[in-house]
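*Asks:* Provide a 3D model corresponding to the input given below.
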Amino acid sequence: MRFSVHKPRALWQMTRALCQLAWKASPFLLLATILITVLVGLLPIALIGVSALLLNSVASILLVTQRAASIPSSIVILTLLVGGVTLLSQITGQAQNMVRTLYQTTLTNLIQRRIAEKASSLDLSFFEDPDLQNKMANASSQASYRPMEIITQATMAISALITFLSVCTVIALWQVWIIPVLLCPPLLLFGINVFYSKKKARMILERTPLTRQSQYYYSLLTLDFFAKEIRVFSLRPFFLAFYKKTLDGMYHQDRDLASHQFGLSSLVQTLQTGVQTAFMLYIIVLLLSHTLSFGQYSLYTQSASQLNTAFLSLILALAQLYEAQLFLAYLFDFFALEPVVEKNDLTPAPGDDAALICPQLEFRDVVFRYPDREENAIDHLTFTLAPGEVMALVGKNGAGKTTLVKLLAGLYQPTQGQILLDGVDITTLDRKALRAYLGILFQDYPIYNLSAARNIGVGKIEEIENYSRIEQAARRSGFHQIVESFPEKYDTTLGRWIELGMELSGGQRQLAGLARALMREASVLILDEPTAALDPRNEWQFFQDLLHERQSKNQSIIFISHRFSSVRHADQILVLEHGQKIEEGNHQELMERKGTYAELFTLQAQMYKEDLPGREIMV
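*Replies:* Next up is the predicted model:
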């Protein structure tokens, strides 16, 4: 993977975008941060000045008399001023930490929400592309602290710059040549930090795939989804070894880089200590020769110390800003991604009544190829499904059945050809408009850690509080009887990811998924292996209810199944192979042709007969 250094114009654009985000997060906290930053920058030089005046006043009294009868009011006032400035510095520091903590939480929440909004708006292909996943991983892994780190380092740089300019002015009015001498070591340190910040940023970005790999191994060892198989197959040592190897690899990279930076930085800091020591000797000589007063001695030594501290803080903040902006580029690169398929700016969505109209579906010479493949997943496919018909898709694994469903759902766009809905090309339809017609159960449906009612209700989010419709969908799928056995019925939480709930079996999960698809009451129902986890009795009952419902509601159905006992009831059967339609017709027609379908049907029927000798099994 290649990385490019962003041009100044791009950096300015990122800075402007970050400022907009910072303002949107909380104008009040941002202004408070700026105000406190200015105070933090001015208070050190104020404390140095007041302390020098106090020391000069005390020294003046001691030169006149060895013992003062009373403390002059000027000394009391200056002492109170020193205490007041010190107290203000402490309070300001605490206020800065409080405001920074609150602002970091606010800004992080905003950015994480933006990442979630962007990710959920992108095409399905985004989640199947490792490079694009790396973009999201870079964005999300840095989002919790990088933007706030930039703001924090920027405010620290401003504070340090204010202090730096103040003490530079004090020293320049005395002896200007001292400034470049004192600044030489910090400048070298700045160069080292910039160099290694750049190396560190590039190293972390280039090893994003390795980082994602370590996160994957971590999820294998910690998530409930993998827990059973990890234990049954004794995979714990196997995956722990991989996890340790990836972590050790990243640690060795960090260690090598940090040790090199430490070595060079130590040499420069040794030089800096030598320069500061020489300066101290020089100013002591001036004091002993009565060239400087005690107040001036205090003023210049503290100013020199603050000069180094402020400049060091400034260059370190700038170096970390440089490192952070490299990461920031990937955050805004991610925000700049735009969906191609999931666009909602075309034909408006139909109303609820329009969604109930059963349309005619047509695939017209459709070709689809995945971006990373050389062969077509769907190859010049043409068919028509009339309103109210039932179509079954049959074929070996990898024949293109599920891809066909994803194309119809508008999750992918055809590479060639058209998919028509009542004569309208679905690429011209708003995604919400298209999917208003569709109720879909995919093969890899999720069970949400929500109540049973909400697990069904999300099938039509506008009706999620319609418990009558939810129960009706559950009854149609056969899930109602299972829900009735739960301790809290439809209020029972499913899964145990967030809180302790009911764990469903494979068949129960499928019935819940079916209920969700039926909740939509769509004019076109698309089911990918809808009864794979059901027992024969539940499967038979489901299809009987489904076909009856279809007849009463004029609903088209497309389903994928490897069970020919279900397939034979379809009005139209499509047999796919390598994305091509090799046979088409109803059960009787295909059996008479004695082709692929007849062969597969006969093999499955024979398997049932062999399993149960002496019994005739109708398939």
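
*Asks:* excluding chain neighbours, what is closest to the residue nearest the centre of the chain?
*Replies:* With distances taken as CA atoms, centre = their mean, Ser140 lies nearest the centre of the chain, 4.0 Å away. Nearest-residue entry for Ser140: Ile115, 5.4 Å, with adjacent residues in sequence omitted and distances by CB to CB, 6 or more residues apart in numbering. (C-beta placed from N, C-alpha, C; glycine too.)

*Asks:* where exactly do the helices run in the stretch 101-250 of the chain?
*Replies:* Using DSSP state H, counting those that start in this stretch, the helices of the stretch 101-250 of the chain run over 130-143, 146-172, 178-206, 208-222, 224-232, 236-288.

*Asks:* after the lowest-mean-pLDDT helix or strand in the chain, next one along is what?
*Replies:* Scoring the helices and strands of the chain by mean pLDDT, DSSP states H and E places helix 352-355 at the bottom, with a mean of 45. Using DSSP states H and E, the helix or strand that follows helix 352-355 in sequence is strand 361-368.

*Asks:* roughly how far is stretch 414-428 from the heart of the chain?
*Replies:* Centre-to-centre, stretch 414-428 and its host chain are 32 Å apart (CA atoms, centre = their mean, to the nearest Å).

*Asks:* how about stretch 155-172?
*Replies:* Distance of stretch 155-172 from its chain centroid, counting by CA atoms, centre = their mean, is 39 Å.

*Asks:* model confidence for the nearest residue to Arg114 once chain neighbours are set aside, exactly?
*Replies:* Closest residue in space to Arg114, ignoring its immediate chain neighbours: Phe335 at 6.7 Å, by CB to CB, 6+ apart. With respect to pLDDT, Phe335 has a value of 81.

*Asks:* picking up where we left off before, run a quick neighbour tally on the residue nearest to Ser140.
*Replies:* Residue neighbour count, defined by other CB atoms under 10 Å, stands at 17 for Ile115.

*Asks:* between the helices of the stretch 101-250 of the chain, which one is nearest to Gln443?
*Replies:* If you check each of these against Gln443 by CB to CB, helix 224-232 wins as the nearest, at 15.8 Å.

*Asks:* now the closest one: mean pLDDT?
*Replies:* 70.

*Asks:* what does stretch 488-504 give?
*Replies:* Mean predicted confidence for stretch 488-504 is 79.

*Asks:* so where's the stretch 451-600 of the chain shaky on pLDDT?
*Replies:* 497-499, 531-542, 544-553 (pLDDT under 70).

*Asks:* strands of that one, residue ranges please.
*Replies:* 524-528, 556-560, 572-577, 580-585 (DSSP state E, counting those that start in this stretch).

*Asks:* now do the second one against strand 361-368, angle only.
*Replies:* Interaxial angle, strand 556-560 versus strand 361-368 (axes from the mean of the first three to the mean of the last three CA atoms, to 10 degrees): 40 degrees.

*Asks:* how about the last one?
*Replies:* When the same axes, to 10 degrees is applied, the directions of strand 580-585 and strand 361-368 differ by 160 degrees.

*Asks:* and strand 580-585, what does it pack onto?
*Replies:* When contacts are defined as 3 or more CB pairs under 8 Å, 6 or more residues apart in numbering; DSSP states H and E, strand 580-585 sits against strand 378-385, strand 572-577, helix 587-593, helix 596-611.

*Asks:* 6 Å instead, please
*Replies:* strand 572-577 (3 or more CB pairs under 6 Å, 6 or more residues apart in numbering; DSSP states H and E).

*Asks:* do the second one as well
*Replies:* Of the remaining helices and strands, those touching strand 556-560 by 3+ CB pairs under 6 Å, 6+ apart are strand 390-394, strand 524-528.

*Asks:* out of those strands, flag the one nearest Gly249.
*Replies:* Here strand 524-528 is closest among the helices and strands packed on strand 556-560 (CB to CB), at 39.4 Å.

*Asks:* what's the closest of the strands of the stretch 451-600 of the chain to Leu494?
*Replies:* strand 524-528 (20.5 Å).

*Asks:* now find how far off-centre the closest one is within its chain.
*Replies:* On CA atoms, centre = their mean, the centre of strand 524-528 falls 31 Å from that of its chain.

*Asks:* and what of stretch 298-316?
*Replies:* Between the centre of stretch 298-316 and the centre of its host chain there is 41 Å, according to CA atoms, centre = their mean.

*Asks:* about what we covered before: quick check: the residue nearest to Arg114 vs Leu267, distance?
*Replies:* Here Phe335 is placed at a distance of 41 Å from Leu267 (CB to CB, to the nearest Å).

*Asks:* more neighbours: the two, which one.
*Replies:* Taking neighbours as other CB under 10 Å, Phe335 and Leu267 compare with Phe335 leading, 17 against 14.

*Asks:* about what we covered before: may I see the helices and strands packed on strand 556-560 organised as a markdown table, with mean neighbour count and distance to Leu286 added?
*Replies:* Shown next, in a markdown table, are the helices and strands packed on strand 556-560 (neighbours: other CB atoms under 10 Å; distance: least, CB to CB, whole Å):
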| stretch | mean neighbour count | distance to Leu286 |
| --- | --- | --- |
| strand 390-394 | 23 | 93 |
| strand 524-528 | 24 | 87 |
